[in-house]
Structures are given as C-alpha cells and as structure tokens.
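> Next one to model:
(one chain, ligands or ions: 1)
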Amino acid sequence: MKKTILLAMTLCVMGASAQKFENLAMTPPMGWNSWNKFACDVSEQLIMETADAMAASGMKAAGYEYVVIDDCWQVGRDSMGFIVADPVRFPSGIKALADYVHSKGLKFGIYSCAGTETCGGRPGSRGHEFQDAYMYAQWGVDYLKFDWCKTDGQNAVESYRLMSQKLKEAGRPIVFSLCEWGDNKPWNWGKEIGHLWRTTGDIYDCFDCEKNHGTWSNWGVMRILDMQDGLREYAGPGHWNDPDMLEVGNGGLSLNEARAHFSMWCMLAAPLIAGNDLRNMNAETLSILTNADAIAINQDPIGVQGLKVDAVDGLETWVKPLSNGEWAICFLNRSAEPKTISYDWKTKVVKDEFAKRELNGASQQYNIKDVWTKKSLGNTQKTLKATIPSHDVLMVKLSK
Ligand code: GLA
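Below is the predicted model:
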C-alpha cells in the first residue's frame with residue numbers, strides 16, 4: 001500500500017508545473033479556525049460539531065465555507081515519514097473528518113509549518129513537503145495554513161515556494177495560506193506562491209493593547225489595523241493581505257468593539273475566518289458575523305482593499321471602492337469619547353489613485369445605507385451627521 005503511494009507520488013511529481021493553483025480565493029476566504037478559541041484543545045468532535053453549527057446557524061448561508069483545524073492535530077510521523085494524527089483526539093482519522101465536513105457542503109482546512117516543528121511543538125513539514133502535500137490531497141484538504149516556527153536558517157520565499165509547488169504537484173486545488181507573520185514582507189513575493197499571507201504577528205482578544213511575551217507580542221485589533229498601512233496595493237482577487245483571524249465572540253471585546261473589528265476587517269478585504277466557538281454563540285455575535293451588507297463589502301468582486309483617508313483625534317475615515325461604481329465608507333471612533341461627524345460630501349472628494357476611482361458625492365448622488373442599523377441615511381446631496389459611540393463605527397454603503 002505504502003509502495004503504491006510512493007509510486008503515485010513519483011508520477012505526480014513528473015507531471016506537475018510550479019505555479020500556485022489559480023482561480024482560488026477570488027474573494028477573501030471565509031471560514032472558521034480553531035486556534036483563537038481552542039488553541040491545542042482540538043478533536044474530531046469539535047471539528048464535526050463546528051461544521052454542524054456552521055451549517056445550522058446561518059454562517060454557511062452567509063458565506064462561511066472553510067472549517068480549518070489549526071495546530072496540534074498531529075503527533076508524529078510513521079516509519080516511512082507519513083504524518084500521524086493524534087489517535088485519541090482524531091480516532092476516525094483525518095480523511096473521515098474531511099468527508100464529514102464535505103458532507104455538510106463545507107470545505108476542510110488543515111495546518112502545518114515550514115519548519116522542523118510547528119509553533120505548538122508538533123512535527124513540521126520541513127523535509128516532508130511533498131509527502132504532506134500528497135497526504136492532504138488524499139484526505140481531501142481544501143485549505144492549508146502554513147506557519148513559520150522552527151525555521152532557523154530557512155529562506156522564507158524558497159520555503160513557501162517549495163510547499164506551493166508540492167501542493168500543485170499533489171494535484172488537488174488547495175488554498176495556500178502563508179502564516180509568516182509579515183517578517184519577510186510576504187506581500188512582495190506571496191502573490192505567485194499563495195492565496196493569502198499574514199501581515200503581522202498573532203492577534204489578541206482586546207481592542208487596543210499589546211500582550212508582550214518578551215521576544216514577541218500579540219496585538220489588539222487596533223494595533224493590527226495600524227500595521228496594514230501601505231499594504232493595500234498588494235491585495236486583490238486570489239492574493240490577500242491577512243491581518244489574522246477574527247476575535248468576535250471570544251469575550252475580550254465589547255459589542256461596539258466587536259462590531260468595529262468586523263467592520264474594519266470587511267473594509268480591509270481581509271479573510272473572514274471566525275475564531276470563536278460556533279456551537280455557543282450569542283445572538284449579538286451571530287448577527288455581527290453574518291451581517292450580509294458588511295460581508296458583501298468584504299466580498300465585493302473587484303477585491304480592492306480599503307483606504308484610510310483621514311485620521312483626526314481618534315476618528316478615522318476609511319473608504320472602499322466597490323463594483324458598479326459603489327463605495328463603502330467606515331467612520332471608526334477609536335477614542336474613549338463619542339464623536340460627532342458632519343460629513344459634507346462636497347468638500348470630501350476622494351481620489352483613489354490605486355483603484356483609479358473618484359468619490360464625489362456632490363456631483364454624483366448616492367443613496368446612503370447604514371450597514372448596521374439597515375436604515376437609509378438619505379443621500380450625498382446632504383451633509384451626513386451622526387454621533388459614533390466610543391470604539392464603534394458608522395459603516396455605510398453608497399449606492400447609485
Ligand atoms: C502561530 C500562528 C497562530 C497559530 C499558532 C499555532 O503563532 O501565527 O495563528 O497557528 O502558531 O501554534
């Protein structure tokens with residue numbers, strides 16, 4: 001059996017080309033990942049129940065698709081070097097789990113690392129790239145998150161290119177998520193290799209804090225947002241900046257803050273990978289994660305990342321060009337006090353050089369819809385007046 005596998009692996013290598021799989025992740029990937037909430041406490045039961053909850057809760061209907069097991073599903077390698085899943089936590093094996101996720105009309109994702117070990121100290125893919133890619137293809141994996149721990153002396157571009165090639169050679173279209181934390185500026189080289197790349201270190205479940213671990217830090221939502229400056233031109237259909245997974249519903253953010261977090265990830269055209277317990281969501285969490293208007297802004301097919309056009313005294317103004325000449329605007333109040341806006345479209349003409357679009361609400365009249373209250377706020381002929389609570393947003397869509 002193993003000999004047959006090795007022969008098949010050799011044949012695959014001979015027939016393969018080097019580029020990443022094209023036409024995947026043409027809009028930012030949407031799904032769920034185990035890490036933010038469960039860390040190493042993963043099991044097939046958790047993944048199956050999460051797939052059930054994604055399908056039953058309305059998340060799937062809202063567009064969430066990938067169910068991704070992060071670190072700690074793997075415990076070793078067998079005598080031939082094949083990766084071995086934890087037999088206690090995954091007694092039915094990964095193939096059966098992938099089949100179950102697929103049976104729910106969802107896609108299945110997994111995690112490994114470019115180094116010798118994962119960040120959780122499990123076996124990494126270093127030296128086993130094709131063997132792992134081959135197993136993922138056999139199991140029916142649709143998405144691979146590939147981390148960057150224990151990579152001393154490795155070249156990031158070559159390490160990620162190698163795994164990209166091996167995935168291609170294994171023959172199953174797999175979204176390739178580069179989790180290199182932005183250390184080697186993956187936005188400069190990731191487009192040919194993968195479909196999304198982390199731009200920062202790990203997110204932390206707070207609005208605006210740093211969790212310092214000595215040699216590295218986790219970052220609150222606003223800190224991560226600030227690290228996206230200057231990156232928008234690198235993103236587009238099939239290749240996205242990834243500011244890390246969502247913390248909505250994990251308890252560290254107030255309702256306002258969770259809404260602001262989700263809104264900004266939509267404005268950034270960021271992957272929307274929920275990181276909470278989908279089996280136990282309250283109604284507020286679910287309504288944030290499934291806001292159809294916000295998701296449509298994130299998933300807009302032209303795939304242009306939002307642009308910060310103004311930042312004064314804790315109040316930021318972001319715009320995102322959408323298809324059909326439409327726009328999203330998000331006013332983000334980062335301060336501890338409510339902020340009043342008086343936004344006169346005549347004096348606020350936005351020229352987006354990158355997207356080659358101009359927003360002029362005075363010469364072109366748009367209808368304004370509040371994405372969160374769903375109410376009409378009139379049109380752009382009139383000054384937009386509103387009060388935005390602390391740590392919250394006013395997010396609107398402009399339609400013709
Ligand atoms: C790194 C990644 C996280 C997570 C952990 C798992 O820290 O950046 O997203 O995958 O490893 O150990």
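> which parts of this protein sit against the ligand?
35, 70-71, 118-120, 147, 179, 202 (Cβ under 6 Å from any ligand atom). C-betas here are computed from N, CA, C, even on glycine.
> from the residues you listed, which two are the most distant?
Thr118 and Asp202 (13.7 Å; Cβ to Cβ).
> For the protein, which segments are assigned as helices?
2-14, 35-38, 44-57, 59-62, 94-103, 129-139, 156-170, 221-226, 255-267, 283-289, 292-298 (DSSP state H).
> Those into JSON lines, with extra columns for mean neighbour count and mean pLDDT?
Formatted as JSON lines, the helices of the chain follow (neighbours: other Cβ atoms under 10 Å; pLDDT from 0 to 100):
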{"stretch": "helix 2-14", "mean neighbour count": "12", "mean pLDDT": "49"}
{"stretch": "helix 35-38", "mean neighbour count": "22", "mean pLDDT": "98"}
{"stretch": "helix 44-57", "mean neighbour count": "19", "mean pLDDT": "98"}
{"stretch": "helix 59-62", "mean neighbour count": "18", "mean pLDDT": "99"}
{"stretch": "helix 94-103", "mean neighbour count": "18", "mean pLDDT": "99"}
{"stretch": "helix 129-139", "mean neighbour count": "22", "mean pLDDT": "98"}
{"stretch": "helix 156-170", "mean neighbour count": "21", "mean pLDDT": "98"}
{"stretch": "helix 221-226", "mean neighbour count": "22", "mean pLDDT": "98"}
{"stretch": "helix 255-267", "mean neighbour count": "24", "mean pLDDT": "99"}
{"stretch": "helix 283-289", "mean neighbour count": "18", "mean pLDDT": "98"}
{"stretch": "helix 292-298", "mean neighbour count": "20", "mean pLDDT": "99"}
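> check contacts around Pro124.
Let me fix one detail, which is that residue 124 is Gly and not Pro. Going by Cβ atoms under 8 Å, 6 or more residues apart in numbering, Gly124 touches 112-118, 147, 149-150.
> Adding pLDDT, write the residues you listed out as TSV.
Below are those laid out as TSV (pLDDT from 0 to 100):
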residue	pLDDT
Ser112	99
Cys113	99
Ala114	98
Gly115	98
Thr116	98
Glu117	98
Thr118	98
Asp147	98
Cys149	98
Lys150	98
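> Just put those in a markdown table and tack on neighbour count.
Shown next, in a markdown table, are the contacts of Gly124 (neighbours: other Cβ atoms under 10 Å):
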| residue | neighbour count |
| --- | --- |
| Ser112 | 26 |
| Cys113 | 26 |
| Ala114 | 25 |
| Gly115 | 20 |
| Thr116 | 16 |
| Glu117 | 15 |
| Thr118 | 24 |
| Asp147 | 25 |
| Cys149 | 19 |
| Lys150 | 16 |
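> Using a markdown table, lay out these together with distance to Glu65.
Shown next, in a markdown table, are those (distance: Cβ to Cβ, whole Å):
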| residue | distance to Glu65 |
| --- | --- |
| Ser112 | 20 |
| Cys113 | 24 |
| Ala114 | 25 |
| Gly115 | 28 |
| Thr116 | 31 |
| Glu117 | 29 |
| Thr118 | 24 |
| Asp147 | 21 |
| Cys149 | 27 |
| Lys150 | 30 |
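> Among the residues you listed, which ones are in strands?
112-113, 147 (DSSP state E).
> if we can go back for a sec, could I get the helices of the chain as TSV with distance to Ser335?
Converted to TSV, those look like this (distance: least, Cβ to Cβ, whole Å):
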stretch	distance to Ser335
helix 2-14	56
helix 35-38	26
helix 44-57	34
helix 59-62	31
helix 94-103	42
helix 129-139	46
helix 156-170	37
helix 221-226	11
helix 255-267	12
helix 283-289	21
helix 292-298	22
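> Thank you kindly, that will do.
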